[in-house]
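>>> Quick one, fold the following:
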Amino acid sequence: MPRQKRNMINYMVVCVNDYADRHGLSCAGAFDYLSRNKGLDFLEECYDAEHTLSLDEALDDLDAVCKRNEGVVA
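The predicted structure is shown next:
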């Protein structure tokens, strides 16, 4: 697997885990939520820019993307 792809996967795993922590979700719950509301698509499409931001900024961006796609974290 190319290094860039491996780095992207690692970054997405960190984002999902920290998103789960931020919102009191299980990792599986966070993954499902982000998948349903286009957060994972966003991370993949915007990886080049997002991975240069702080993790808090990336999680804020995920909140905004999911909200635009009608996601609501309980």
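>>> which residues touch stretch 2-22?
For stretch 2-22, the external contacting residues (CB atoms under 8 Å, 6 or more residues apart in numbering) are 25-27, 29-31, 34, 39-40, 43-44, 47, 50-51, 55, 58-59, 62. C-beta: built from backbone N, CA, C; applies to glycine.
>>> ok, of those residues, which come out buried?
In the contacts of stretch 2-22, burial by neighbour count holds for 25, 29-31, 34, 39-40, 43, 47, 50-51, 58-59, 62, counting by 16 or more other CB atoms under 10 Å.
>>> how much space between D21 and D48?
From D21 over to D48 the distance is 25 Å, taken as CB to CB, to the nearest Å.
>>> neighbour-wise, which of these two wins?
Taking other CB atoms under 10 Å, D21 and D48 do not tie; D21 has more neighbours (12 against 9).
>>> ok, that one to G39 distance?
Taking CB to CB, one finds D21 at 15 Å from G39.
>>> and if you look at N17?
13 Å.
>>> before we move on, what about N69?
If you measure N69 against G39 using CB to CB, the figure is 8 Å.
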